[in-house]
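Asker: Sharing a model prediction with you, sequence too.
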Amino acid sequence: MPVVTAPDGVALSYQVAGRGHPLVLLAGQANNHHWWDGVRPDFAREHLTVTLDWRGTGASDKPDEPYGTRGFAADVVAVLDDLGIERAHVYGTSMGGRVAQWVAADHPERVVALVLGCTSPGGRYGVERDDAVRKSLGQPDRRAAERALLELMYTPRWLADHPGPHRTTGDPGMPPHARRRHLRASADHDAWDALPGITAPTLVIHGTDDLLTPAANAPLLAGRIPKAATALIEGARHAYFEEFREVAGEIVLDFLADNAER
């Protein structure tokens with residue numbers, strides 16, 4: 001896999017598949033590019049899809065130093081620069097959606113259209129998961145905590161039909177320090193003041209039954225970003241893009257086609 005060196009010297013692994021107008025796909029917290037494996041072929045039929053392993057994950061370097069969503073956005077731009085891509089669609093989910101906000105706000109000339117999935121503006125206005133969800137994820141029984149995470153990602157019916165392995169529950173090869181750094185980066189995200197400056201056409205998409213990043217964040221983002229559209233997927237949890245692949249994929253692809261550069 002190709003590797004680019006970020007301005008601070010960190011090596012970042014990235015992946016390219018498909019053909020067409022570039023589409024950057026940004027994964028969730030403590031996950032690598034495999035987050036997208038279940039749906040990437042849908043997008044690669046129409047787009048040159050670009051993913052990366054966040055610093056701390058996959059084949060990228062894993063320095064034990066502070067990470068931030070704004071810094072991750074700079075890493076995304078470093079990958080685009082290495083590929084010689086001047087402008088791309090950007091689709092970020094979960095923490096990747098937080099990063100996508102900064103890509104669009106700090107580098108508006110690089111973003112054709114923006115999709116923000118199952119994410120939050122962060123800061124004082126973001127709607128946080130409730131205490132029951134936090135306790136379920138932090139319980140000392142590791143297997144019980146892993147099951148709790150799966151049930152936040154997918155509905156019971158989907159889990160019964162898809163016993164795994166699951167691609168969206170964390171990179172198993174991450175060292176503990178990198179997991180902590182990712183958690184802090186996501187928790188510290190606050191793009192509220194920057195959101196009104198986003199100029200790219202934007203779609204905010206969310207599952208109605210998402211408790212990991214509550215669906216109440218969707219109208220907050222859409223109301224803060226000029227002319228943003230909203231799509232809510234009924235009954236979907238955090239991994240809406242995989243479980244509700246056909247519905248979500250069509251919504252996103254139609255939006256990107258409607259906002260393609262002519």
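Answerer: In hand now; what should we look at?
Asker: show me what contacts Val28?
Answerer: Heads up, residue 28 is Gly, not Val. By Cβ atoms under 8 Å, 6 or more residues apart in numbering, the residues touching Gly28 are 35, 93-96, 168. Just so you know, the C-beta spots here come from the backbone N, C-alpha and C atoms, and that holds for glycine as well.
Asker: Tell me which entries of these lie within strands.
Answerer: Those of those mapping onto strands are Thr93, per DSSP state E.
Asker: Mind putting the contacts of Gly28 into JSON lines with neighbour count, pLDDT and distance to Val76?
Answerer: As requested, those are exported to JSON lines (neighbours: other Cβ atoms under 10 Å; pLDDT from 0 to 100; distance: Cβ to Cβ, whole Å):
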{"residue": "Trp35", "neighbour count": "29", "pLDDT": "98", "distance to Val76": "15"}
{"residue": "Thr93", "neighbour count": "30", "pLDDT": "98", "distance to Val76": "14"}
{"residue": "Ser94", "neighbour count": "27", "pLDDT": "98", "distance to Val76": "15"}
{"residue": "Met95", "neighbour count": "28", "pLDDT": "98", "distance to Val76": "12"}
{"residue": "Gly96", "neighbour count": "31", "pLDDT": "98", "distance to Val76": "9"}
{"residue": "Thr168", "neighbour count": "23", "pLDDT": "97", "distance to Val76": "19"}
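Asker: Can you show me the helices along the stretch 1-150 of the chain?
Answerer: Applying DSSP state H, counting those that start in this stretch to the stretch 1-150 of the chain gives helices spanning 40-44, 69-83, 95-106, 131-138, 142-153.
Asker: so how far is whichever helix or strand comes after the last one from its chain's centroid?
Answerer: From helix 142-153 onward toward the C-terminus, using DSSP states H and E, the following helix or strand is helix 156-161. Averaging C-alpha coordinates over helix 156-161 and over its chain gives two centres that are 23 Å apart (Cα atoms, centre = their mean, to the nearest Å).
Asker: what residue ranges in the stretch 151-262 of the chain are flagged as low confidence?
Answerer: 262 (pLDDT under 70).
Asker: taking the helices of the stretch 1-150 of the chain together, which one is wrapped up most tightly?
Answerer: Of those, the one with the most neighbours on average (mean count of other Cβ atoms under 10 Å) is helix 95-106, at a mean of 28.
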